[in-house]
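Peer 1: Show me the folded form of this:
(chains A and B)
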Amino acid sequence: DGGITQSPKYLFRKEGQNVTLSCEQNLNHDAMYWYRQDPGQGLRLIYYSQIVNDFQKGDIAEGYSVSREKKESFPLTVTSAQKNPTAFYLCASSMGPNTQYFGPGTRLTVL
Amino acid sequence: AQKVTQAQTEISVVEKEDVTLDCVYETRDTTYYLFWYKQPPSGELVFLIRRNSFDEQNEISGRYSWNFQKSTSSFNFTITASQVVDSAVYFCALSEFRDDKIIFGKGTRLHILP
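Peer 2: Now for the predicted structure:
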């Protein structure tokens, strides 16, 4: 089955800890994206990558980091510098112009 | 600058009623794409439709239809004979041709009451 997987589905973190969210796709898409969604809000872009070994900051990159060592994988690390990390995180990928397909999301809660 | 406005934060209708979700966009580009996505309670965003700025034909897919009007910068979404399974948050989105990024509206939460 082709698609985008995100793990874990739920993640709990203590304050001051870094955590890494996984995103994998087997759609052979070149571009991948990370979004953050807060209750009642739209999606805000954190980072995106159009090719392997290259990525750009989105609108709210502070406190986050990413890597793109393989085409299929685009993990997101939420660092301790992120002041308010509790949110729903969505990963997406796209091939060619514009249409993005999304994974099931990871809900991160800081305890 | 790009902007997408979904003025309806939340809508409730009784099952089998028709409902229209409004979307107004702003862009300075002449070539752009418009999207609708559905987010059911499970959380995953499901792609519904993409239209490019050169194609103003209305589109119908089963109970779903979309009305694109460049003159009013609107891309409205109508669900005919709504069903409880249509309950979700619906996002309208915009992407300019030279930009791989998509700008999302804040979404409209739709409740279909049995």
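Peer 1: For chain B, which segments count as strands?
Peer 2: Under the criterion DSSP state E, chain B contains strands at B:3-5, B:10-14, B:19-21, B:24-26, B:32-39, B:46-52, B:59-61, B:64-69, B:74-79, B:88-96, B:103-104, B:108-113.
Peer 1: most packed of those strands?
Peer 2: With neighbours defined as mean count of other CB atoms under 10 Å in any protein chain shown, the strands of chain B peak in mean count at strand B:88-96, which reaches a mean of 24. (C-beta placed from N, C-alpha, C; glycine too.)
Peer 1: Can you tell me which helices and strands that strand packs against?
Peer 2: With contacts taken as 3 or more CB pairs under 8 Å, 6 or more residues apart in numbering or on different chains; DSSP states H and E, strand B:88-96 sits against strand B:3-5, strand B:32-39, strand B:74-79, strand B:103-104, strand B:108-113.
Peer 1: ok, of those strands, where does mean pLDDT dip lowest?
Peer 2: Mean pLDDT is lowest for strand B:103-104 among the helices and strands packed on strand B:88-96, at a mean of 92.
Peer 1: near chain B, which residues of chain A show up?
Peer 2: Contact residues, chain A versus chain B (CB under 8 Å from any CB of the partner chain): A:31, A:33, A:40-43, A:45, A:48, A:50, A:58, A:88, A:90, A:92, A:94, A:97-105, A:107.
Peer 1: Please, a ChimeraX command that selects the buried ones among these?
Peer 2: Selection of buried members from the residues of chain A next to chain B for ChimeraX, criterion 16 or more other CB atoms under 10 Å in any protein chain shown:
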select /A:31,33,42,43,45,48,58,88,90,92,94,98,99,100,101,102,103,104,105
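Peer 1: Show only the entries of the residues of chain A next to chain B found in strands.
Peer 2: A:31, A:33, A:43, A:45, A:48, A:50, A:88, A:90, A:92, A:94, A:101-102, A:107.
Peer 1: Pick the one among those closest to residue B:55.
Peer 2: If you rank those by distance to residue B:55 using CB to CB, residue A:94 comes first, at 19.6 Å.
Peer 1: quick one: pLDDT of residue A:111?
Peer 2: So residue A:111 comes in at 85 (pLDDT).
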